[in-house]
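with the input below, show me the fold.
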Amino acid sequence: MSNFNSSLPIGIFDSGAGGLTVAAAVKNLLPDEKIIYFGDTAHLPYGDKSAETVENYSLRITDFLLEKNCKIILIACNTASAAAFESVKKRAEGKAIVLNVIDPATEYIAKHENLKKIGVIGTKGTIKSNTYTTKINAIAPDKEIVSLATPMLVPMIEEGFIYDNISNAIIKEYLSDETLQGIDGLIPACTHYPIIKNQIRKFYNFKTNIIDSSVVVAQKLKEILSENNLLNTSETSPKHEFYVSDYTDFFKTLAEMFFDDEVNLQKMYLQ
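As a prediction, this is how the structure comes out:
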């Protein structure tokens, strides 16, 4: 990767606003890096679509981020990470490093011996793929993994229902499911879910380990950039770029909240 330029941007994409949690973690850990973010808001949620459809969307976005000369492409969506990681990696080969959000989280779980029984909540696509169970048990076969699809959470968040009675009721309904009883830790396997992580923690009375994958992924990204001598050493403040395939007020509000700055949201519909 020595031919890559360290001053090039980091490309991050998700089905919508959820990946902003990862982007914000990257910005906080790597303040000198420029981020180009793409939210495919015209096609969300990805979780109820076929793997082939998600793969197709992901490759279109990858092409866009490659045109933007991104040195690394981070798939900040669990559904797309499960369905399209290998295809995206192949498409970007020799042009950009590709990272998904699943591998860093599974490595984290495998390292922590105190986590014996782990719950995974995510979209239908993520849970159906069984990726977390397969990857965690490949490194730590002694771990018990239980999974539950929670499809209403993404549209709930995208519609702005957070920190209210509606969202609390939906979260309680899902987390009370018998599948998740007796867990030591919970993987909110969707980058939208850190937005409601305090509500999830409150449900568990702050006694269950809730893995914030956005922070874990940002740390892995820093590690990869460092290993490949791609950390940006420029002293110029980066000007981040935000693109969506369909404009939503909620996306702009959330982006400005996470980045603590005014965001110029650009619409870029992918053919």
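
can you list the domains in the protein?
Following automatic domain parsing, one gets these domains for the chain: 10-100+215-267, 103-213.

which of these sits most buried?
domain 10-100+215-267 (a mean of 20; mean count of other Cβ atoms under 10 Å). All C-beta atoms are positioned from the backbone trio N, CA, C, and that covers glycine.

for the stretch 151-271 of the chain, which segments are assigned as strands?
Counting by DSSP state E, counting those that start in this stretch, the stretch 151-271 of the chain has strands at residues 185-188, 209-210, 241-244, 265-267.

give me the contact list for the last one.
In this case it means strand 265-267. Strand 265-267 is contacted from outside by 241-247, 251-252, 255, using Cβ atoms under 8 Å, 6 or more residues apart in numbering.

in its sheet, what does that strand sit against?
Sheet partners assigned to strand 265-267 using DSSP bridges are listed as strand 241-244 (parallel).

could you do the second one as well?
Under the criterion DSSP bridges, strand 209-210 sits next to strand 185-188 (parallel) in its sheet.

can you tell me the average pLDDT over the partner strand?
Regarding strand 185-188, the rounded mean pLDDT is 95.

what of stretch 68-83?
For stretch 68-83, the per-residue pLDDT averages 96.

what's the span of it from first residue to last?
End-to-end distance of stretch 68-83 (Cα to Cα, to the nearest Å): 23 Å.

circling back to that earlier point, can I get the contacts of strand 265-267 in TSV including distance to residue 45?
TSV is the format used below for these (distance: Cβ to Cβ, whole Å):
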residue	distance to residue 45
241	24
242	19
243	18
244	14
245	13
246	13
247	17
251	14
252	19
255	18
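
pretty sure residue 120 is in a helix, no?
No - Residue 120 is assigned strand when assessed by DSSP: H, G, I helix; E, B strand; the rest coil, not a helix.

any idea how far residue 54 is from it?
18 Å (Cβ to Cβ, to the nearest Å).

and what of residue 152?
Separation of residue 152 from residue 54 (Cβ to Cβ): 19 Å.

got any ranges where this structure has weak pLDDT?
1-3, 271 (pLDDT under 70).

centroid-nearest residue for it?
The chain has residue 76 as the residue nearest its centroid, 3.2 Å off, counting by Cα atoms, centre = their mean.

run through the neighbouring helices and strands of the longest helix seen in the chain.
For the chain, the longest helix by residue count, based on DSSP state H, is helix 51-67. On a contact count with 3 or more Cβ pairs under 8 Å, 6 or more residues apart in numbering; DSSP states H and E, helix 51-67 meets strand 10-14, strand 35-39, strand 72-75, helix 78-92, helix 124-129.

tell me which of these approaches residue 264 most closely.
Nearest to residue 264 among those is strand 35-39 (11.8 Å), distances taken as Cβ to Cβ.

endpoints of stretch 187-207, how far apart?
The straight-line separation of the ends of stretch 187-207 (Cα to Cα) is 14 Å.

ok, stretch 89-108 next?
Stretch 89-108 has an end-to-end distance of 22 Å (Cα to Cα).

got a list of contacts for it?
1, 4, 11, 22, 59, 62-63, 65-66, 70-78, 81-82, 85, 88, 131-132, 135-136, 139, 187, 189, 191, 211, 213, 216-217, 219-221, 224, 228, 230.
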